[in-house]
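In: can you look at this prediction? I've put the sequence above it.
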Amino acid sequence: MRTFSGKVFVGIMLFAFLAVGMAQEYGIGAASFLRRGVDARALGMGGAFAAVADGYSAMYWNPGGLARASSPELGGMYMNIYNAGIYLNFFAGVLGLDLPNEVQTESETLGSFLPRRLGGGLAFTEMATEVLAYDTQGNPLGLIRYSEAIYSLGLGVWLPRLGYAGAVAKVYSFRAPRAGQAGGDATAFGLGLDLGLSVPVWDGLWLGLSAMDVGNTKVKWRNTALEPTDLVSGRYTLGFAFSASGLAFENDRLLLALDAAYEPLVDSLAVRAGMEYTLFFVSLRAGAIWRPGAPWAFTLGAGIRALSLRLDMALVQNREIQVEGAGDTIVLSAAILF
């Protein structure tokens, strides 16, 4: 039977990290759990999704994919990180709209620079867990529900001469009940910006560029002893994706993807590779993640699509926390197309 010790350990680590951040002028590495990736399809492919994103999860992986959405889509994801009581939820909706281009009939050159398609989206991301809190004198306050959330608004556009470009504006909101001054809530807020570009390079080959939290997003704490500012590290990703159909059967498709993501603030590099094979309405996925000096982590996933409904599941190997009660992460997601 799984013990509770893993949950307690991870919870204490999380709250201790928060406390350390409060004791410094600038804490580094804020919102780390919020940035583990979203959507079981993407995570089943190891998170190699910068050049693939074209649906509701483009709000996270690459804002340029917002204009690639073929139809309105609503989707959501649930995961229990490390199976340790750290819950990450993501909900998003996207809408694409073709634009008339009357100028092209008068000037083909000018028309090629005008937007042909727009895409917009809204998203909500939340990480929540219960942690054991203490006041400034070291007295236990009991378990509190610590949460971090992001509210996102995105816009994408298709420019024939450039590709699919997009931006996402984000509001960070953290809350630690009863952990602030005089027993009040400690809260934090910040404004962030993501940029993305998705470009068709060749038949079936796509290039993806994503800049997350450009310039390192600042998250300012309120009602704490020092009211510090934590930094969400900028993450810059280069990705490629290639798809081919009709390899073994008339209705199959193979998708291969490769991403390299770098965070200069913390000098962190991650290389992600993934594949997806789809036959009729069933998809099978696998992925791998490599970081310098760390063991490889592997992922598996599967999904089905019935009419306008898509259901996906992924298993992400835990290679970070090796304590009793901490295990691999199971990700569940669903999306509906209108």
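Out: Structure received.
In: and the helix or strand where Ala270 lies, what other elements does it pack with?
Out: Using DSSP states H and E, Ala270 sits within strand 268-279. On a contact count with 3 or more Cβ pairs under 8 Å, 6 or more residues apart in numbering; DSSP states H and E, strand 268-279 meets helix 40-44, strand 252-263, strand 282-290. C-beta coordinates here come from the backbone N, C-alpha and C atoms, glycine included.
In: ends of stretch 33-44, what's the gap?
Out: For stretch 33-44, the first-to-last residue distance is 18 Å (Cα to Cα, to the nearest Å).
In: go on, stretch 278-294?
Out: Taking Cα to Cα, the span from the opening residue of stretch 278-294 to its closing residue is 31 Å.
In: ok, then the element right after the worst-scoring helix or strand of the chain on mean pLDDT?
Out: Every helix and strand of the chain was ranked by mean pLDDT, DSSP states H and E. The lowest is helix 5-22, at a mean of 44. Counting by DSSP H and E, the element after helix 5-22 in chain order, helix or strand, is strand 26-28.
In: residue contacts, the residue lying closest to Ala335 once chain neighbours are set aside?
Out: Counting by Cβ to Cβ, 6 or more residues apart in numbering, Ala335 lies nearest to Gly75, which is 3.4 Å off, once chain neighbours are set aside. Contacts were defined as Cβ atoms under 8 Å, 6 or more residues apart in numbering; by that measure Gly75 touches Asp39, Gly55, Tyr56, Ser57, Phe91, Ala92, Gly93, Arg310, Ser333, Ala334, Ala335, Ile336.
In: the strands in the stretch 101-250 of the chain, which residues?
Out: Taking DSSP state E, counting those that start in this stretch as the criterion, the stretch 101-250 of the chain contains strands spanning 117-134, 140-159, 163-176, 186-202, 205-212, 217-222, 229-232, 235-245.
In: direction included, what does the shortest one pair against?
Out: Based on DSSP bridges, the pairing partners of strand 229-232 within the sheet are strand 26-28 (parallel), strand 217-222 (antiparallel).
In: buried set for the last one?
Out: To tie it back to what came earlier, the one meant is strand 217-222. For strand 217-222, the neighbour count (16 or more other Cβ atoms under 10 Å) marks Thr217, Lys218, Val219, Trp221 as buried.
In: what's the closest of those residues to Gly327?
Out: Within those, distances to Gly327 taken as Cβ to Cβ reach their minimum at Val219, with 29.6 Å.
In: let's see the pLDDT reported for the closest one.
Out: Confidence at Val219, expressed as pLDDT, is 96.
In: who's it bridged to?
Out: Under the criterion DSSP bridges, Val219 forms beta bridges with Gly190, Asp230.
In: likewise for Ala176?
Out: The partner list for Ala176 in beta bridges (DSSP bridges) reads Ala186.
In: who touches it in this structure?
Out: So, once contact is read as Cβ under 8 Å, 6+ apart, Ala176 ends up touching Leu18, Ala133, Ile144, Tyr146, Asp185, Ala186, Thr187.
In: and the third one, how far is that from Gly183?
Out: The span separating Ile144 from Gly183 equals 11 Å under the rule Cβ to Cβ, to the nearest Å.
In: neighbour-wise, which of the two wins?
Out: With other Cβ atoms under 10 Å as the criterion, Ile144 and Gly183 differ in neighbour count, and Ile144 comes out ahead with 19 against 10.
In: I'd guessed the more buried one sits against Pro177; true?
Out: Yes: with contact defined as Cβ atoms under 8 Å, Ile144 and Pro177 form a contacting pair (4.7 Å).
In: what is the burial count for Val168?
Out: 25.
In: likewise the one 3 residues further on?
Out: Applying other Cβ under 10 Å, we find 13 residues neighbouring Val171.
In: from Ala211, how far out is it?
Out: Taking Cβ to Cβ as the criterion, Val171 is separated from Ala211 by 18 Å.
In: what do you get for Val271?
Out: Counting by Cβ to Cβ, the separation of Val271 from Ala211 is 18 Å.
In: so which residues make contact with the strand holding Ala270?
Out: The set of residues external to strand 268-279 that reach it, using Cβ under 8 Å, 6+ apart, is 41, 44-49, 233, 249, 251-263, 283-292, 299.
In: what about 7 Å?
Out: 45-48, 249, 251-262, 283-292 (Cβ atoms under 7 Å, 6 or more residues apart in numbering).
In: give me the nearest residue to Asp252, chain neighbours excluded.
Out: Leaving aside its sequence neighbours, Asp252 sits nearest to Leu279 (Cβ to Cβ, 6+ apart; 4.6 Å).
In: per-residue pLDDT, that neighbour?
Out: As predicted, Leu279 sits at a pLDDT of 95.
In: so in terms of bridging, what pairs with it?
Out: According to DSSP bridges, the residues that bridge with Leu279 are Asp252, Val282.
In: begin at 56 from now on, thanks
Out: That works, and once the first residue is 56, the last one we named lands at Leu334.
In: contact partners for Met182?
Out: Phe88, Leu89, Ile141, Leu143, Ser202, Glu203.
In: list the residues that contact the third one.
Out: So that's Ile141. For Ile141, the contacting residues are Val65, Phe88, Asn135, Met182, Thr184, by Cβ under 7 Å, 6+ apart.
In: how many neighbours does the last one have?
Out: When counting by other Cβ under 10 Å, one arrives at 23 neighbours for Thr184.
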